[in-house]
Structure formats: C-alpha cells, structure tokens
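Student: quick one, structure for this:
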Amino acid sequence: MAKFDSKSFNPQAFGAYVDRVPNTKKTELAKSGAVGSNEQARAALSSQTGSLYARIPYFGRISGETSQNNDGATDITSTNTTTYEQGFITASRMDSWTERSFSKNITAGVDFMDNVGAQIADYKFDVKQDMLLAILKGIYGMTVTGNSVAAKAAKEFIEKHTYDITGNEGEKAYVGPASLNKAIQKACGDNKSIFKLAIMHSEVATNLENLKLLKYLTYTDADGITRDLAIGTWNGRIVLVDDGMPTEEVDAVAADESKSIEAQEAYTKYTTYVLGDGAIVLDDIGDAVPYEMSRDPKTNGGQDTLYVRDRYICGVDGISFEKPASITASASNSDLATGTNWNIINDGKKAIPHKAIAITRIISKG
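Tutor: Next up, the predicted model:
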C-alpha cells in the first residue's frame, strides 16, 4: 500500500472520505438540482478507453398539427417523427499539492485526512462551479448571424431567454415583484413551470428581501416551534444565493448635448440564472486514477505530493456541444465558454422549440 508522510494511503478510501466531507463555500450552482446527468451519454463516455465525445439521439415529438379530418372518403396521410442528435464532451481536470512535513507542519497536529479531505471537497465544488459558469457563458454566446437553422434558433433562444431590465429608469432597473414571472414567461410561455430555481448574487437577494419578496421555508422542531430555514423561495421557485454569479461593471457616461447623450452614473449588472431540474449536465464519471500519492525523500529534506484527477461529461439539455477539431483530449473551460461550440439541437431543417430549454437569465442593477 502507498505511504503518505509515513502513513498508509488508500486511494479508494480517500475518495469516499472526500465525498463525505461537507462543503462550506458558496458554490450553490454546482450543488443545485439544476445540475444533472444523461444516462445515454454516461453509458457512451464512462469507459476509460479515451472516450472524448459522443452524439446521443434526441427524439422529436409528434404533434397535433398533423391531425386530419376523417370524412370517410379521404386516405390518411402518414408522417414521421424527427430524430435529432445531441453532442456531449468530456472534460478532465487535474491538480496536485506538495507539502514538506505535511502532517505536522500544515495540520498542526490535526489528522491529515481531515485537513486534506476538507480542502479537496471545497476545491472540487470550485472547479465544477467554474465549469458550469463557462457552459452558461458559452450557450449565451452562440452564433446568431446568418440564415442557417442553427443561427436563427440561437438568436431566438438568446433573445427570448434573456430578460434585461438595466435600461429601465429608476427602481424598474432592479428586480421587483413581477421580474421572475415575466422572465420565465418570456422564455417558455405556457411551459414556464419547467423552471424550478433561481441562483442570484447576494445584492439581488438582499433587494428582494427588502421588498419582502423572498419567502423563507420553515420547519417545526421537536418542541413544536416553527423556525425559518436559510432557503428562500421567489414566486414558488427555490432561491440560491451565491456571489459567484456573473457581474459586469458599466462605466459612467458623460453628457453630450451635441449627440443627445444623457449623463449616466456607473453601475453594476447582475445576472440571475433561472433553471429547471437537470438543465445542465455536469456528470462526474471519474478518472482511471483519481487520487495518487508520491513520496520524494530527497527534495527539501523529504516531501509528499497528492495528485487529484477528475473527469466530467458536459452538456446542456436541449443544446448540443459541437466539438471542433482542436479539442483532441479534453475540453477546457475556454472551450466550454466558446459560443461557436454550442448549437440549439437541430437537424439542419428544423430546431427543437426553445420553450423546451429550462434556462433563462435576468440582468438587473440589483
């Protein structure tokens, strides 16, 4: 068995231990129900034989539009369903940490498994959160120019699934009682019930609290006393608060009467994501050797290195990752954030309805 600083190291036990350690950082997107999996993609990509990319069938739906009048004298015209394809990419991540006299000098007498395991649990959520935000940036950067089916579908998705109120005057530029309902109705119309949770910056959440628009869930303890939980709802959707959500600083604009430009103070744009269950696929399928330890007895009088490797399936429900030739082994966060790598699922003639995609965003001043 491998040794770590004169202690036995079992990679399998260590991995199970890391999974049990609670994360205390605000990586709410990575932990939310909006992150799911695709079983067909998992079956295709979970092997450790170099699988990088898979295209999975995405079945079209029959429609009442093809229903015909039966007058007893007309032959029935048959139609067929369309089968689309959805692309999924794998992304592998790795890191390592080297410490001298790790157990005693770093943990100050605390069991090294507690210290290392707790830090890696947080680290993994940070990595996943960065990947998820890269995916969201990518799908909102899809190509919208040209007359192709993909470009038209992407343009419609971005326009319909963005509710930007920063151009409104005064308090109307901030989230209010109707903001969420208007955003999800704009995105999916009568299918707006597919949205289950909202993830927002604390500035936005505080504004909602001040307006008394957040309703906190409650529980009743053993003594029959009802208490508030830290989890709130907004128009029936669970609210997660995370300052890792995107922000953009907008510079002040000086007035210019000759160009009819009015003065504008600097402000911050806050992006709130509203998502459905399993809207984003980020499925941890494991690396062949997820944890490994190495002992170097010479350098610095002796040091130990812990290596960590992870492998994920990345995708979005309703949107396909179109792998460019440049990705040969693993998708980087830059690859995931590149809009040209994503397309609304289509067969070249028709795209799936944007109303089926449970992702939208609200952009506000707070």
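
Student: pairing partners for the helix or strand harbouring A54, with directions?
Tutor: Under DSSP states H and E, the secondary-structure element containing A54 is strand 53-59. Its sheet considered, strand 53-59 pairs with strand 83-100 (antiparallel) by DSSP bridges.

Student: so how far is the partner strand from its chain's centroid?
Tutor: 14 Å (C-alpha atoms, centre = their mean, to the nearest Å).

Student: same thing with stretch 124-140?
Tutor: Distance of stretch 124-140 from its chain centroid, counting by C-alpha atoms, centre = their mean, is 5 Å.

Student: residues contacting it, please?
Tutor: 18, 23, 25, 27, 29-31, 35, 91, 93, 157-158, 162, 244, 246, 273, 280, 282, 310, 312, 314, 316, 319, 333-334, 336-339, 341-342, 359, 361 (C-beta atoms under 8 Å, 6 or more residues apart in numbering). Placement of C-beta: from N, CA and C, glycine included.

Student: what about the stretch 101-250 of the chain, any weak spots by pLDDT?
Tutor: Where the stretch 101-250 of the chain drops to pLDDT under 70, the residues are 101-118, 217-230.

Student: in it, which spans are strands?
Tutor: 162-164, 197-200, 215-220, 226-234, 237-241, 247-250 (DSSP state E, counting those that start in this stretch).

Student: hang on, the earlier thing: in the strand holding A54, what's buried?
Tutor: If you call a residue buried by 16 or more other C-beta atoms under 10 Å, then strand 53-59 has these buried ones: A54, R55, I56, Y58.

Student: redo these as CSV? Include pLDDT and distance to L214.
Tutor: Formatted as CSV, the buried residues of strand 53-59 follow (pLDDT from 0 to 100; distance: C-beta to C-beta, whole Å):
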residue, pLDDT, distance to L214
A54, 88, 40
R55, 87, 42
I56, 85, 38
Y58, 72, 36
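
Student: let me have these in JSON lines, extended by distance to S326.
Tutor: Below are those laid out as JSON lines (distance: C-beta to C-beta, whole Å):
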{"residue": "A54", "distance to S326": "18"}
{"residue": "R55", "distance to S326": "18"}
{"residue": "I56", "distance to S326": "22"}
{"residue": "Y58", "distance to S326": "25"}
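
Student: which among those residues gets closest to D287?
Tutor: A54 (17.6 Å; C-beta to C-beta).

Student: surely that closest one and R42 touch.
Tutor: No - assessed by C-beta atoms under 8 Å, A54 is found out of contact with R42, at 9.5 Å.

Student: just to revisit the earlier point, out of the contacts of stretch 124-140, which are inside strands?
Tutor: 35, 91, 93, 162, 273, 280, 282, 310, 312, 314, 316, 319, 342, 359, 361 (DSSP state E).

Student: out of these, which end up buried?
Tutor: Using 16+ other C-beta under 10 Å, the buried ones in those are 35, 91, 93, 162, 273, 280, 282, 310, 312, 314, 316, 319, 342, 359, 361.

Student: just list the residues touching the third one, thanks.
Tutor: Which is R93. Applying C-beta under 8 Å, 6+ apart, the residues near R93 are V127, R309, D310, R311, Y312.

Student: what score does it have for pLDDT?
Tutor: For R93, the pLDDT comes out at 89.

Student: when you give positions from now on, start the count at 2
Tutor: Sure, I'll start counting at 2 from here, so that last one is R94.
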